[in-house]
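Q: Provide a 3D model corresponding to the input given below.
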Amino acid sequence: MVSQIREPRTADTAPTGVAIAAHDLRKAYQVGQQSLEILHGISLSVSSGELVAVMGPSGSGKSTLMYCLAGLEAPTGGHVQLAGRPLERLSRADLARMRRTSVGFVFQSYNLIPTLTAAENVALPYLLAGRKPAAGLVEQTLEAVGLAQRATARPPSMSGGEQQRVALARVLAQQPEVIFADEPTGALDTRTGELVLAELRRIAHSPKGCVLVVTHDPSVAAACDRTLFLRDGQLVQELRGASVDVVAATLARLGARSGG
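A: Down below sits the predicted model:
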């Protein structure tokens, strides 16, 4: 059942404790002699303590939106604030430091180093920053995702689900303020997907946590606090407390309207 449907909240009216905010966000790509705009003036905010899903038909701009909000791509217009900092004011070095400390990513491509063990992959962000993880932190995070017994295994010997959980453990060990997850359960079996989603919920609902998930899966979106829907590069609807069936029906309706 949907407890609330309303227009997306803009950055101008965002409450305190906002972890992600965008105002009039635009993104265009140069295609030959033409400029093709993908995002058309999106405004949104995500507060600390929230788990928020972004959905939309194929080609609606979901991944582009996530990359701009995460500082992985520069928008061509508008403003983005991430973990309390305006991205347009940050240098490349500042953005790199933020990604090592305050922001974490969980992608379908696990980005693990095949020659390193699971434990070494989890500790890698600390090593790249010239620091050591706290005693027991790597072991605790591997245990949190059910991989305590696989600490010495290397990615080539692990299943896709295990590799995804190592990637999640790496983010857990980093202890970021904001996590961006792109289809985090897309390649996983049901049980492993539920475990990953439960861990993302736990992180999001911690006092200083926040998770933004891009997904095609209505069951993932229904487990989130809010679901934001994109169509043709615009934010068109928001659901709170929606069931899997309502989320699926909303996505199907938007897909039919856009031809996606």
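Q: ok, Ala123 - how many residues close by?
A: Residues near Ala123, counting by other C-beta atoms under 10 Å, number 20. C-beta coordinates here come from the backbone N, C-alpha and C atoms, glycine included.
Q: so what touches the strand or helix carrying it?
A: Applying DSSP states H and E as the criterion places Ala123 in helix 118-128. Around helix 118-128, the neighbours that count as contacts under C-beta atoms under 8 Å, 6 or more residues apart in numbering are 100, 112-113, 116, 132-133, 138-139, 141-142, 147, 150-155, 158, 162, 166-167, 169-170, 173-174.
Q: for it, buried residues please.
A: 118-126 (16 or more other C-beta atoms under 10 Å).
Q: after that helix, which helix or strand is next?
A: Downstream of helix 118-128, the first helix or strand assigned by DSSP H and E is helix 137-144.
Q: going through the contacts of helix 118-128, which ones are buried?
A: By 16+ other C-beta under 10 Å, those give 100, 112, 116, 133, 138-139, 141-142, 147, 150-151, 153-155, 158, 162, 166-167, 169-170, 173-174 as buried.
Q: pretty sure Glu177 contacts Val211?
A: No: using C-beta atoms under 8 Å as the test, Glu177 is too far from Val211 to be in contact (10.5 Å).
Q: so where is the stretch 1-150 of the chain shaky, pLDDT-wise?
A: Within the stretch 1-150 of the chain, the ranges that satisfy pLDDT under 70 run 1-16.
Q: buried set for stretch 88-106?
A: Buried, per 16+ other C-beta under 10 Å, within stretch 88-106: 95, 98-106.
Q: restricted to strands, list these.
A: 103-106 (DSSP state E).
Q: please export the C-alpha coordinates of the helix holding Ala123 as CSV.
A: Below are the C-alpha coordinates for helix 118-128, written out as CSV (Å, rounded to 0.1, in the frame of the first residue of the first chain):
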residue,chain,number,x,y,z
ALA,A,118,39.1,-11.1,-0.2
ALA,A,119,40.6,-9.6,2.9
GLU,A,120,43.2,-7.7,0.9
ASN,A,121,40.5,-6.3,-1.5
VAL,A,122,38.5,-5.1,1.5
ALA,A,123,41.5,-3.3,3.0
LEU,A,124,42.6,-1.8,-0.4
PRO,A,125,41.0,1.7,0.0
TYR,A,126,43.0,2.1,3.3
LEU,A,127,46.2,1.0,1.7
LEU,A,128,45.7,3.4,-1.3
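Q: can you show me the helices along the stretch 101-250 of the chain?
A: For the stretch 101-250 of the chain, the helices defined by DSSP state H, counting those that start in this stretch cover 118-128, 137-144, 160-174, 190-204, 218-222, 244-258.
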